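K.L.:
Sequence and computational prediction follow.
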Amino acid sequence: MTTGFQQFEPPQHPKHAYVGHYPLSTSHHAPICIPLSSLFTPTTHHHSGGGFILSFSLSLSSKDLTDGFWFLNFDIWMASSDRSPGPMPPGDGSVPPGKAMTMGQQVLDKGAQLMQSLKPVKQMSQHVCTFAMYSHDMTRQIETHHFLTRLNQDFLQCPVYDSDDSNARLIGVEYIVSEKVFNTLPAEEQKLWHSHAYEIKSGLWVNPRVPEMVQNSELKDVVKTYGKFWCTWQVDRGDKLPLGAPALMMSPQDVNTGIVKPELVKKRDEKYKISSDNMKNSRANIETPKEMNPYADYWIKTGKGFAVDIEKTPMELRAPFP
C-alpha cells in the first residue's frame, strides 16, 4: 500500500507523549519523499494520527539527495491506544485473571464497608446507559454505563463500566461540563471533547428503569453539555486486563461512522425493555444548542481521530525542596 505524505510542523515537545491527528498509511518500510524545507533539527521525529504513529530517523548520505528531496524508509506502528496487546497474562481464563474471592475476604470487605464512609461513591446519583466509539477507529462501538456524580451544576464526573452488573468492569472515566464551562477551554483542548445533543435527542442516552417523564427534565440541561471520555480497558478487543495507553472516545452522531450499529441498540433496548425510537419521539420538545462549538466532535469536520502514544522521557531529578 502506498501513501501520500503531507508536510507537517514539528511537535513542540518531541520527547514527551502527545496526541496527534495526522492521517497515515498502515504500510511498513514504505518509501516516501519529503521536501528539504520540511525537515527539522531533531534526528528522530514522532508524529501520530488516525490511529498510527510515524517514526523515522535521518541517517542519510549525499547519494540520497535527488532534486531537492530526501528519499528514506520509515516504519509505522499502531498507536499505543490502538496497539493490540501481547500475550495475555497466564491464568484460568477468567477476566480479569485471578482466584474467586474467599469467604474470609468477603467478610473483611463487608466489615470495612460498614465502618467506612465511602462518601465519593455514595454521591453517585444516576446511572446512564449509552454508546461510545473509539476516536482512532469509529467502527469499534461499545455499550457503556456511566454512574454520574454531580459536583456542581456545571460539572459531572462519571466512572464508566461495561455493564451494570455486580461484576462490571471499570473501563474508563468521563467528565461532563456545561456549555458555559466548555466555551472557556482552549481550542486544542476542545477538540478532545464530544457533544451530547444528538445522543440525547435520538434516545440513545437513557437512565434505565427511570420513567421518561422524570428523565426529560434532567435531559434539558444535559443536552447542552460536552464530555471527555477516556477508555482505560479495551474489553471489546478481548483484553483481560487494562492494557496500554488510554483511548479517547467519541459520542454517537447522525453522520458517517457516528451512527450506532442497530444491533447494539436493539440488544440494549431488549435488556431494559425500552424503545429508543419512542424515547426519540418523546424528546422532540427538548431544545438543542442554537450553535454547536466548532471544535467539539472534531472528527466530523476533519475526518481525523486522536490516538495516544507513550514515549520514554527523562525524569525530573530535582528535589521538590532544599
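P.N.:
Yes, it's here.
K.L.:
What pairs with the helix or strand where E174 lies, parallel or antiparallel?
P.N.:
Following DSSP states H and E, one finds E174 within strand 170-177. Paired neighbours of strand 170-177 in the sheet (DSSP bridges): strand 155-161 (antiparallel), strand 226-231 (antiparallel).
K.L.:
Return the shortest one as CSV; C-alpha atoms alone will do.
P.N.:
Which is strand 226-231. Provided in CSV are the C-alpha atoms of strand 226-231 (Å, rounded to 0.1, in the frame of the first residue of the first chain):
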residue,chain,number,x,y,z
TYR,A,226,-19.9,18.3,26.5
GLY,A,227,-17.9,15.3,27.6
LYS,A,228,-14.4,13.9,27.6
PHE,A,229,-14.2,10.2,27.9
TRP,A,230,-11.0,8.2,28.3
CYS,A,231,-11.2,4.4,28.0
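K.L.:
Which pLDDT value goes with the spatially closest residue to T149 that is not a sequence neighbour?
P.N.:
Nearest non-adjacent residue to T149, counting by C-beta to C-beta, 6 or more residues apart in numbering: Q123, 4.6 Å away. Every C-beta, even on glycine, is put in place using the N, C-alpha and C of the backbone. What the model reports as pLDDT for Q123 is 92.
K.L.:
So for whichever helix in the chain runs longest, what gets flagged as buried?
P.N.:
Criterion DSSP state H: the longest helix present in the chain is helix 103-115. Under the neighbour-count criterion of 16 or more other C-beta atoms under 10 Å, helix 103-115 has nothing buried.
K.L.:
can you check stretch 296-306 too?
P.N.:
By 16+ other C-beta under 10 Å, the buried positions in stretch 296-306 come out as A296, D297, Y298, W299, I300, K304, G305, F306.
K.L.:
cool, and stretch 243-252?
P.N.:
For stretch 243-252, using 16+ other C-beta under 10 Å, the buried residues are L243, G244, A245, P246, A247, L248, M249, M250, S251, P252.
K.L.:
The closest residue to K191 other than its chain neighbours and A197: what is the separation?
P.N.:
Sequence neighbours aside, Y298 is the residue nearest to K191 in space, at 4.2 Å (criterion: C-beta to C-beta, 6+ apart). Going from Y298 to A197 by C-beta to C-beta, to the nearest Å gives 15 Å.
K.L.:
before we move on, the earlier item: outside of the very next helix or strand once past the longest helix of the chain itself, list whatever touches it.
P.N.:
Following helix 103-115 in sequence order, the next helix or strand is helix 119-122 (DSSP H and E). With C-beta atoms under 8 Å, 6 or more residues apart in numbering as the contact definition, helix 119-122 has outside contacts at T149.
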